Every structure is written in C-alpha cells, then in structure tokens.
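Enquirer: one predicted model, sequence on top.
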Amino acid sequence: MDTHSQLIGSEGLASLGMDLATFADGLPGGFFIYEAHDEERILFANAQMARIFGCEDTDEFLEMVGGSFPGMVYHEDLQRVENSMWSQNNSQQEKNVAHRGHVTYRIVDKQGTMHYMDEYGRLVRSTDLGDLFFVFVNDIAAVDQVPTPSTKGSGPGQHADGPEKIDALTGLRSMRYYHSHARKVLARATAVGIPMVDVFFDVDHFRTVNYRLGYEVGDEVLQRIATILRNCFEGDLLARFSDDHFVLVTRREGVERRIERAHELVSKLLPDMPIELKAGIYELAENEVSIPFAHDRAKAACTSTKGRYDLFYRFYDKPLAAGEKMHEYIVHHIEQAIEQGWIRNYYQPVVWVEDQTCCGIEALSRWFDPVEGMLPPSQYVDLLEETRLIHLLDRAVVERACADVRQMMRELGTAVPVSLNFSPRDLSLVDIPSLLEESVRRHDIPHELVHVEITESSLAEDRDLLRQVIHQLHDLGFGVWMDDFGSGYSSLNLLKDYDFDVLKVDLEFLRGMEGNERSKTIMHAIIDLAHDLGMTTLVEGVETPDQMAFLRKVGADRAQGYLFSKPIPYESVVGDFLRRFPPKQSEPREG
C-alpha cells in the first residue's frame, strides 16, 4: 500500500506533536472546513483565512462572514460557486474516484477591497459529523506576485509554464495566468496604439446539459466550446474563469463579428438543446490600472443579457454603469437609511368582500433617499436579498409595523391586523418567530394583530425548516398566509404539505378575466378548494367594480387592490381610509 495515500487523523497529528490548528496555520494559503448542508456553517478556519479577509484573528473573520461559507463569497458569485462545487464532487463520486473541485470566485475583505480566489474543495461524507467540505484557497494576485522560473521557447500556444497555469479540463489558460499576463498584453497593445477589450462569456442554459445528459457529456461540451473560442480568437489571451464561464483580452476591432461567429457555432453543438453563448464587453482604457475592474464590468454587461433572446452580447455602457453605481450606493447605505428613517412603512389596506369594511393592512417599505430621491422596492429589495442584507430591512419593517399598530390602538381604541412579508433569505438569517415575539411584547400588542405572509418561492427553500417555522408561529398565536398563490408551478402540492390560515391569490389570475371564462372557472375552483381546506381567501390586484362583483359572486372572502387604495403612509390609513372603510367592531382572529 502506498503510505502517502493514507490519511493522518487527529490522533496521528497529535502523535507527531501537532494539532489541526498548528498544521493548518503552516499551510501557504487559507484552509477551512464547513458543513455541506443547512446554513453551511464554518467549523474551522486557519489564521491565513483571517489575514486574507484583512481580519486580526479567526474570531473576527467568522464574525465578518456571519460564520458561514455563503457569507464569504461575493454575492454575484455565490450561486455559481455552490452549483460548481456540488456538481464537480457529485460527478466524480458517481465515478467513484477522488476529486478536488476547483472554482474561482471573488471575496471582499474588511477594507472593501475585492480579491479573486482560487479554491480547491473536497466533499467528505462522514457518518459522525455529516457531509463536510474541506477547502484550500489562495489569493490569485498574491500567488502571481511570487516569481516563477521562466521557460525558454514558450509561445502563446505552448503550456510550458506548468500545470498551475492551465485549466485541466479545457486546456485553456487558467485564471491565475490570465490575471498575471493581461496587463502585459494590454501594455504591448497600448504601445502600438491597438484598442483592446475585455470579454466575459457565459454559456446560457448549460446547467440543463449537465442535468439531462450528465456531467461527463457536459465536460465534453465545455471542451468543444473552448475549441470554438480558441479558433475564433486565435492568438488572444483566453482563459476559463470557472464552470461554463470564459474570459478574454482581445483587440477591439471586429470583436462583434468574432463573437457572432462563436455564438453561431456554439448554438449548433446540441441541436436538441438550445444552449447559447452570451458575452459582455468592456473597452479597456490605455494603461488600465485594474484588470479585475475591467473583468467585473464585462461580466456585468454579460449578465444584463440574461433572459434576452434578442441580445447575446452587450458593451458595458453608461446605463449599466449608472445601475452598478446605484447598487453600490444601496448596499453601502442600507444601515444608514434605516437609522436615519429614510426607509418608511407604507400600508396597502385589505377589505372584506361582503361589505368592504377594512380587515387588515399589508406593510410595505419605501426608501426616500436625501440624495437619490424615492427608490421603489424593485430597485433595492432583490439586491438586498442577493447581498444577504435583506434581514436588516425586514427587521426595520417589523419594528415600525408593530409600533404603528400600537399607535392605532391608542388613537382609535381598536386596530386592524398588519401582515408582514419575509424574504426566503430570512429563513437562514433570522429567527422569525423570536423576532416577532420580541417586537409584539415590546409594543404590547395582541399576537392576533400580526400575520406573516410567506411567498410561494420561499417554500422551495429548506422545506423542513419552513415547516418548523410555520408551526412555531402558530404556537405563538400569529396567523400565517400563503402569498402569491399561482405564481409558481407547485402550489397545489404545497397546500398539501403546509398549514396556512389565509390563501392570497396572485393578481395574474385577474388580469384579462373579463374576457376569459377559463380564468373565472379557475378562480372559482381555487376559492372553493381553499374553503374546503379551512382557509380564508384574499384576492390581490382588484382594480375594477366588475372584478369585485365577480369575487362576491364566487364567495371570495377578502380583496386588495387599487380599487380601494394604493400603498399609503400610516397617517393616511388612520386619517382617511379607516374613516371611509371602518373596520367591524369585532374582527375574527386569524391563527
């Protein structure tokens, strides 16, 4: 037996006078272990991980990243990284061979500086500890600063630099090589007056290839795509970023024509599976200081083509730059916006269909920025979810809503319930039942005056955790609603598995209902089904008296929409709406 292939366990290390921390701290890069399930909690990190993130020690590092692997990775790269690690490890385990999954991603250190990381991870299945990822990382820029011996006769197409400079799957240059040589290529081009661009490629729908044909076929397709790119951009600096992503530095002249040619060839690789090559292009300035800066902007341009079937490449332009600037502003100012009261609660009322008396209000947020003006939720909610900052917003909305319900009780002697929306991300970031319990106790309001709306997309997250959260909310006396019913594909199955008090029907069912008898039939059936399951129904998006008359006819319980009110400030709720649509003397308890 090859003794070098035997693992040295903790007892073996101890016998050598070493422990895990001592051993790991002696490694030339970062090393950490994290759980491959649930919150992906980090169980161990060496001192170098703290230094990579600009932290004094591992305690500060863990606090900075929230103690989890997702907290380490730059938000735009997280989904790609996790998909890659799982697919690489699962693929190799199916073949029953040892494998180190490799992926490149970005991190942002304590000082706000972005770094590109090379990661090699291994999935370890343990009966005692569960599935774990053992991960080794290096800062690409830091590695590239280390001098390496030169090799005579190494031309652009030769790979005599060593395996660390080559992508093992495609034979293209590695990201390490790309970052260390891109500036040299640009400098040579600038010296002779040749305009250059940085291009980021993404193979759209490639995940379907792996899913339907298997990872081995997926690897073969990537190799063929690499060959197409190499031929279309012969002699240029071309590298595989990770997964189905590639990067390129090439001359500006004719780049559109060459991208079009590559796009055409890639689209013909799998006639029965419409994969598509997308590209983002950033025009490099003379003496470009930061190649990662250029690469990020090319990637942003590529991302903007997602979902666009009429567009497969785009230059990084002024509208994209303005959007990125706004994204940075939101992320850097969310805490200040909450502290300064720039983010306020607005409420959209809900009425009983039978008599149009008010039976509740839904809490929504609006950002009134002193610099940027009024920001609609569509501009910041999704971004805060991506950056895992959404819990800050949701905490603020909960606190303000409970305070307003208390104020309503003081002013009017009664109050209507408030419903609160939580992001799917909150399940892993916030203890929702405890958050609500603390807030209602602090403001001394009845539990039945607070309802929780859970979107259908949330139900696709951790189902066991969500089921537990719903059970806890009911035990505490909070009502639980299913929001946006019908917006997804699995609603009926979800109704079977979860216990909801109110079914909130997506407004899409009402659009064009007047001329569509099928919409009316479906709406009627949904309302009957909800009642048979013991749920109250609420239809949102009601805009016309005819729609309201139809809801009354089919027995819907509640309605919400612009026919009654758009979202309005608390002062307008108590000062106007509740006077025009006064609540019943005794509202039924939900939950």
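Expert: Looks like it arrived, so ask away. Numbering: from 1, shown residues only.
Enquirer: pLDDT weak spots in the stretch 101-250 of the chain?
Expert: Residue ranges of the stretch 101-250 of the chain with pLDDT under 70: 101-102, 140-164.
Enquirer: quick one, helices of it?
Expert: Listed in chain order, the helices of the stretch 101-250 of the chain (DSSP state H, counting those that start in this stretch) span 140-144, 175-191, 206-213, 215-232.
Enquirer: among those, which is nearest D355?
Expert: helix 206-213 (50.7 Å; C-beta to C-beta). Backbone N, C-alpha and C define where each C-beta goes, glycine included.
Enquirer: re the thing from before, quick one: closest of the helices of the stretch 101-250 of the chain to S423.
Expert: For the helices of the stretch 101-250 of the chain, proximity to S423 was assessed by C-beta to C-beta; helix 206-213 is nearest, at 23.6 Å.
Enquirer: pull out the buried residues from the closest one.
Expert: F206, V209, N210 (16 or more other C-beta atoms under 10 Å).
Enquirer: what do you get for stretch 131-142?
Expert: Those would be L132, F133, V135, F136, V137, N138, D139, I140, for stretch 131-142 by 16+ other C-beta under 10 Å.
Enquirer: contacts for it, please.
Expert: For stretch 131-142, contacts defined as C-beta atoms under 8 Å, 6 or more residues apart in numbering pick out 27-37, 43, 49, 52, 69, 85, 104, 115-126, 175-176, 179.
Enquirer: quick check on these: which are buried?
Expert: Among the contacts of stretch 131-142, those buried by neighbour count (16+ other C-beta under 10 Å) are 29-36, 49, 52, 69, 85, 104, 115-119, 121-123, 175-176, 179.
Enquirer: please determine how far the spatially most central residue of the chain is located from F293.
Expert: Residue closest to the mean C-alpha point of the chain, counted by C-alpha atoms, centre = their mean, is E386 at 3.8 Å. Separation of E386 from F293 (C-beta to C-beta, to the nearest Å): 20 Å.
Enquirer: and G130, by the same measure?
Expert: 40 Å.
Enquirer: and of the helices of the stretch 101-250 of the chain, who's closest to Y313?
Expert: Of the helices of the stretch 101-250 of the chain, nearest to Y313 by C-beta to C-beta is helix 215-232, at 12.8 Å.
Enquirer: how about the closest one: buried residues?
Expert: For helix 215-232, by 16+ other C-beta under 10 Å, it's Y215, G218, D219, V221, L222, I225, A226, I228, L229, R230, C232.
Enquirer: go on, stretch 400-409?
Expert: Neighbour-count burial for stretch 400-409, counted by 16+ other C-beta under 10 Å, picks out R400, A401, C402, A403, D404, V405, R406, M408, M409.
Enquirer: just stretch 273-282 next, same as before
Expert: Applying 16+ other C-beta under 10 Å to stretch 273-282 flags I275, L277, K278, A279, G280, I281, Y282 as buried.
Enquirer: re earlier: now, the buried ones among the contacts of stretch 131-142 that are in strands?
Expert: 30-35, 104, 115-119, 121-123 (DSSP state E).
Enquirer: show me which pair in those residues is furthest apart.
Expert: Greatest spatial distance in these: E35 and Y116, 25.1 Å, computed using C-beta to C-beta.
Enquirer: list the contacts of the nearest residue to V221 once chain neighbours are set aside.
Expert: With sequence-adjacent residues excluded and distances taken as C-beta to C-beta, 6 or more residues apart in numbering, V221 is closest to V209, at 5.7 Å. Taking C-beta under 8 Å, 6+ apart as the criterion, V209 is in contact with V217, G218, V221, L270, M273, I275.
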